[in-house]
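1. 3D, please:
(2 chains)
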Amino acid sequence: RKEVEQDPGPFNVPEGATVAFNCTYSNSASQSFFWYRQDCRKEPKLLMSVYSSGNEDGRFTAQLNRASQYISLLIRDSKLSDSATYLCVVNRGTGGFKTIFGAGTRLFVKA
Amino acid sequence: GAVVSQHPSWVICKSGTSVKIECRSLDFQATTMFWYRQFPKQSLMLMATSNEGSKATYEQGVEKDKFLINHASLTLSTLTVTSAHPEDSSFYICSAQDRGLGNTIYFGEGSWLTVV
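-> Residues are numbered from 1 along each chain as shown, chains lettered A, B, ... in the order given. Next up is the predicted model:
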């Protein structure tokens, strides 16, 4: 089992739809959590950090549930420009600091 | 603007030659940088963790003598692909950890390597 697992993709949604991505992590010592967005043939870019209290940035809402070791990303009112791969990223500090990437979930938003 | 700069953006080299890729943190000091490789339609694969002033830590299956990493300063890490072969052609990305910002990881723009 991978240390960070994401929903398999791709997700195909129409413009304006709400879409949710899920991510689970297996190491309870994980300390910090992020969502990154990667466009085709480009480097990943930080979308948002994820906090236990939940955080929102415009149309994007991220949630963390430490008890269930679960992270989510909600995108409301999807735009064509949201089409990308979304990566769940987890930092952990035990056994040597390490950043673990999920395999990513591909999103296609269509007109 | 970019906080991590990677150079070159793309490079074509002949089989058997060596290629150096640079990764610089622009706005912060990075004691730790990371090097990844990504093949088309696949996820990022961590190759090694570069630690300033000490040896890099390589992931299982990554040849340290083939992928030489040097992290001589707090703002610069380099990856040298030695004796490159066509199968080394890939997208190489570096990232740097900003410990002053909750250990947020910032990525360089990536380097496309084509070995012919």
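
2. worst-scoring helix or strand of the chain, pLDDT-wise?
-> By default, I'm working from chain A. Each helix and strand of chain A was given a mean pLDDT (mean pLDDT, DSSP states H and E); the minimum falls on strand A:98-101 at a mean of 81.

3. let's do chain B instead
-> Each helix and strand of chain B was given a mean pLDDT (mean pLDDT, DSSP H and E); the minimum falls on strand B:104-107 at a mean of 85.

4. so what secondary structure elements neighbour it?
-> Strand B:104-107 sits against strand A:45-50, strand B:90-98, with contacts defined as 3 or more C-beta pairs under 8 Å, 6 or more residues apart in numbering or on different chains; DSSP states H and E. Bear in mind the C-beta positions are built from the backbone N, C-alpha and C, glycine included.

5. Quick one: mean pLDDT over the shortest one.
-> Right, the one you point to is strand A:45-50. In this model, strand A:45-50 has a mean pLDDT of 92.

6. how far out from the middle of the chain is the following helix or strand past that strand?
-> For strand A:45-50, the succeeding helix or strand toward the C-terminus, using DSSP states H and E, is strand A:55-57. Taking C-alpha atoms, centre = their mean, to the nearest Å, one finds the center of strand A:55-57 at 13 Å from the center of the full chain.

7. quick revisit: tell me how far the least confident helix or strand of chain B lies from the chain's centre.
-> Here the centre of mass of C-alpha atoms in strand B:104-107, compared against the chain's by C-alpha atoms, centre = their mean, lies 13 Å away.

8. for the helices and strands packed on strand B:104-107, which one sits closest to residue A:69?
-> Checking the helices and strands packed on strand B:104-107 against residue A:69 by C-beta to C-beta gives strand A:45-50 as the closest, at 12.3 Å.

9. partners of the closest one, with directions?
-> Here strand A:45-50 has these sheet partners by DSSP bridges: strand A:30-38 (antiparallel).

10. Deepest-packed of the helices and strands packed on strand B:104-107, please.
-> Comparing these by mean neighbour count (mean count of other C-beta atoms under 10 Å in any protein chain shown), strand B:90-98 ranks first with a mean of 24.

11. ok, it near chain A or not?
-> Yes - applying C-beta under 8 Å from any C-beta of the partner chain, one finds strand B:90-98 in contact with chain A at B:91, B:93, B:95, B:97.

12. Just put the helices and strands packed on strand B:104-107 in CSV and tack on distance to residue B:52.
-> As requested, those are exported to CSV (distance: least, C-beta to C-beta, whole Å):
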stretch, distance to residue B:52
strand A:45-50, 22
strand B:90-98, 10
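
13. Which of the ones you listed sits closest to residue B:10?
-> Of all the helices and strands packed on strand B:104-107, the one in closest proximity to residue B:10, counting by C-beta to C-beta, is strand B:90-98 (9.5 Å).

14. hmm, who's touching that closest one?
-> Contacts with strand B:90-98, where a contact means C-beta atoms under 8 Å, 6 or more residues apart in numbering or on different chains, come from A:41, A:43-44, A:99, B:3-4, B:6, B:21, B:23, B:25, B:28, B:30-39, B:44, B:77, B:79, B:81, B:103-108, B:110-113.

15. which residues touch residue A:34?
-> A:46, A:47, A:48, A:49, A:50, A:88, A:89, A:90, A:91, B:104, B:105.

16. C-alpha coordinates for stretch B:75-89, CSV please?
-> Written as CSV, here are the backbone C-alpha positions of stretch B:75-89 (Å, rounded to 0.1, in the frame of the first residue of the first chain):
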residue,chain,number,x,y,z
THR,B,75,20.8,28.4,-2.2
LEU,B,76,22.2,26.0,-4.8
SER,B,77,22.0,22.3,-5.6
THR,B,78,23.1,20.7,-8.8
LEU,B,79,22.2,17.4,-10.4
THR,B,80,24.7,15.9,-12.9
VAL,B,81,23.5,13.1,-15.1
THR,B,82,26.7,11.3,-16.0
SER,B,83,27.2,9.2,-19.1
ALA,B,84,23.6,9.9,-20.2
HIS,B,85,21.7,7.4,-22.2
PRO,B,86,18.4,7.8,-24.1
GLU,B,87,16.5,6.1,-21.3
ASP,B,88,17.6,9.0,-19.1
SER,B,89,15.5,11.3,-21.2
